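Peer 1: Following is a predicted model, sequence given first.
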Amino acid sequence: MFIPKYTITNKILRDVGRIDAAREVIINAPLVPAWEAKFRKEAMERTVHHGTHLEGNPLELEEVRDVLEGQEVVARDRDVLEIINYRNVLKFIDEIQAQIGSSGNYNFTLETILEMHRLTTEKILPAQSGGQFRTRQVVVKNTKTGQISYSPPPAVEVPYLVEDLVSWINSDEAKQTHPVIKAGIIHYELARIHPFTDGNGRVARAVATLVMFLDNYDIRKFFSFEEYFDENPMQYYLTLQAVSNQLVLDTHERDLTPWLEYFTEGVSIELNRVKEKVQRISVDARIKDKLGEQVMLNERQMMIMEYIHRHKGLSNKDFRKIFPDYSDDTVLRELKFLRQKGLVKKSGGTKKAIYVLK
């Protein structure tokens, strides 16, 4: 049976502590529904973009957004399909969450992984290859030098290795493992086994995400750890390969500690980015305390509040920075509403007015 070997180092402990602290802030931050929806949408877009870009998809974030909104972009069919498919994988994760509710009673199965792969490669691989383990040996090569950087296990071993991993996921040991560490272990092991001919990285990251969500670590679906990996893809792949290429007699003797240090650091950095953003614009909490009631600000009003909070003031010349597509009269109407609610005050004359938090 698969038993991961690793050490909980001081670095892992520190990063897990930061993760838990950021998680508490994020899940307890009082946000108006418009911002909650905006955060989730942006996190989904970043996950899809960076999760596919990490494996060579050339589409930029704005193009990914266009694809997800059903607009046409000038791109290869495969690149567009990868975007749509990964979005469908995230929808599949949402459906599983909805099925189990908050009970957490979900038995992770081999079929879950296979369905994720089918969705990932739909209309990209032949239909008979989607959701099926590879039947031949593959190697991972350096795209620049052509050198083989990693040789995964033989195809004949793949079903047994994945079954072993699934058994561990459902084991008591795994249930007692911190969700982020567990996700890191699963990500590594799937990447090591390399069970498919294509889409292994996306499936590994998606399964890791699902496992975190099943352990109530969805963190309001505001985060995308793929963005951290995509910032330095060479470090991501080298860290995985360094562990996989350890010279050991038994694959279970590989020490996952370096990978888990890297993985937990990435999740910590991403969640703290989200935490800081949430803290900057969760203005509705301060508004409620100030006015004694919940005020439903629209998106423009919240953007004004965020800008003033960040820059300590808003002048007329700043209107174009945050609202290039709106007239000055529209911005002034929003400012008038905020002033009437006692949230913003104006100082100075009309042309040199400065708006600050009251």
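Peer 2: In hand now; what should we look at? Numbers count the residues shown, from 1 in each chain.
Peer 1: okay, how far is it across stretch 148-166, tip to tip?
Peer 2: 28 Å (C-alpha to C-alpha, to the nearest Å).
Peer 1: Just the mean pLDDT for it, thanks.
Peer 2: Mean pLDDT, computed over stretch 148-166, is 94.
Peer 1: Give me the buried positions along it.
Peer 2: 149-150, 152, 155, 158, 161-162, 164-166 (16 or more other C-beta atoms under 10 Å). All C-beta atoms are positioned from the backbone trio N, CA, C, and that covers glycine.
Peer 1: Over to stretch 138-150?
Peer 2: So for stretch 138-150, counting by 16+ other C-beta under 10 Å, buried means 140, 149-150.
Peer 1: could you dump the buried residues of stretch 148-166 to JSON lines with distance to residue 28 and secondary structure?
Peer 2: Shown next, in JSON lines, are the buried residues of stretch 148-166 (distance: C-beta to C-beta, whole Å; DSSP: H, G, I helix; E, B strand; the rest coil):
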{"residue": "149", "distance to residue 28": "43", "secondary structure": "strand"}
{"residue": "150", "distance to residue 28": "42", "secondary structure": "strand"}
{"residue": "152", "distance to residue 28": "42", "secondary structure": "coil"}
{"residue": "155", "distance to residue 28": "47", "secondary structure": "helix"}
{"residue": "158", "distance to residue 28": "42", "secondary structure": "helix"}
{"residue": "161", "distance to residue 28": "40", "secondary structure": "helix"}
{"residue": "162", "distance to residue 28": "37", "secondary structure": "helix"}
{"residue": "164", "distance to residue 28": "38", "secondary structure": "helix"}
{"residue": "165", "distance to residue 28": "34", "secondary structure": "helix"}
{"residue": "166", "distance to residue 28": "33", "secondary structure": "helix"}
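Peer 1: Would you reformat these as TSV and include distance to residue 266?
Peer 2: Converted to TSV, these look like this (distance: C-beta to C-beta, whole Å):
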residue	distance to residue 266
149	21
150	20
152	23
155	30
158	27
161	25
162	24
164	26
165	21
166	24
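Peer 1: What separation do you get for residue 157 and residue 266?
Peer 2: For residue 157, the distance to residue 266 (C-beta to C-beta, to the nearest Å) stands at 29 Å.
Peer 1: Please read the previous query as pertaining to residue 60.
Peer 2: For residue 60, the distance to residue 266 - C-beta to C-beta - is 22 Å.
Peer 1: and if you look at residue 69?
Peer 2: Distance from residue 69 to residue 266, by C-beta to C-beta: 28 Å.
Peer 1: Those two: which is more packed in?
Peer 2: Legend: neighbour count by other C-beta atoms under 10 Å for residue 69 and residue 266, higher for residue 266 (23 against 8).
Peer 1: Spatially, what comes nearest to the more buried one if we skip its sequence neighbours?
Peer 2: Distance criterion C-beta to C-beta, 6 or more residues apart in numbering; nearest residue to residue 266, sequence neighbours excluded, is residue 228 at 3.8 Å.
Peer 1: How about residue 25?
Peer 2: Nearest to residue 25 is residue 275, by C-beta to C-beta, 6+ apart, at 4.8 Å.
Peer 1: Show the secondary-structure elements that the helix or strand harbouring residue 337 is packed against.
Peer 2: Assessed by DSSP states H and E, residue 337 sits inside helix 328-340. If you count contacts as 3 or more C-beta pairs under 8 Å, 6 or more residues apart in numbering; DSSP states H and E, helix 328-340 packs onto helix 299-311, strand 344-347, strand 354-357.
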